[in-house]
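> Provided below are the primary sequence and the corresponding predicted coordinates.
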Amino acid sequence: MKVFKGRTLVEGTVVGKALVSRDPISFYGGVDPKTGTIVEKGHSIHGCSIKDSILIFPYGKGSTVGAYVLYGLARRGLAPKAIINLRSEIIVLVGCILGDIPLMDSVDRHIFEEARTGDEVKVVAKSRKGVVIIKDGEEN
C-alpha cells in the first residue's frame, strides 16, 4: 500500500480503479463526450474509458470548453469518480466543481512510478488536505 498526500480542491471520498496517464488530457477534443473514451490519437490511454475511474494524469490542457465537457460527462454518468493531478489548472477545476468530482493536486510526482492502471485506489479529499491510497495489484 502506498499513500500520497495532496491538496484537496473538490472534496469527496471514493474508491475505484486507477486509470493512469503520464500525458496531459484535453477534455475538449481528447475525450468523446458521448462515451467518456479517450479519443486523442497517440495518447497513452487512447481507447480507454474514464468512466468510474480514479483518473491520474499530470494536468489538463486545451480549451475552456473542456470544463463543460467534464460537467456533461458527470451528468451522463460517464465521468471519473475522482481526478488526481500534479497541477490542476482552471479547466479541470471548474469541470470538477460543476460535476461534483473529487479533485486533488500537488501530489508527489512519484505517483506515476507507483500507481498502475487497474490498481485499487481510495481518495480521501477533505478540507484542504487529502490522501490517495493505492493498493497495488499484488495486494488485491
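Arrived safely.
> can you pull the contacts of the residue lying closest to Lys5 once chain neighbours are set aside?
The shortest distance from Lys5 to any non-neighbouring residue, by C-beta to C-beta, 6 or more residues apart in numbering, is to Val131 (5.6 Å). C-beta coordinates here come from the backbone N, C-alpha and C atoms, glycine included. Applying C-beta atoms under 8 Å, 6 or more residues apart in numbering to Val131 gives the contacts 3-6, 123-124.
> hang on, Val131 in a strand?
Yes: counting by DSSP: H, G, I helix; E, B strand; the rest coil, Val131 is part of a strand.
> The protein: helices as residue ranges?
65-75, 90-99, 111-114 (DSSP state H).
> CSV please, covering these and showing mean pLDDT and mean neighbour count.
Below are these laid out as CSV (pLDDT from 0 to 100; neighbours: other C-beta atoms under 10 Å):
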stretch, mean pLDDT, mean neighbour count
helix 65-75, 97, 21
helix 90-99, 98, 20
helix 111-114, 95, 15
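> Among the contacts of Val131, which one sits closest to Ser88?
Gly6 (9.9 Å; C-beta to C-beta).
> Just give me the neighbour total for that closest one.
22 (other C-beta atoms under 10 Å).
> ditto for Glu40
Applying other C-beta under 10 Å, we find 18 residues neighbouring Glu40.
> I'd like to know how many residues surround the closest residue to it other than its chain neighbours.
The shortest distance from Glu40 to any residue other than its chain neighbours is 3.9 Å, reached at Gly30 (C-beta to C-beta, 6+ apart). For Gly30, the count of nearby residues is 20 (other C-beta under 10 Å).
> separation between Gly30 and Lys41?
As judged by C-beta to C-beta, to the nearest Å, Gly30 and Lys41 stand 10 Å apart.
> just Ile111 next, same as before
26 Å.
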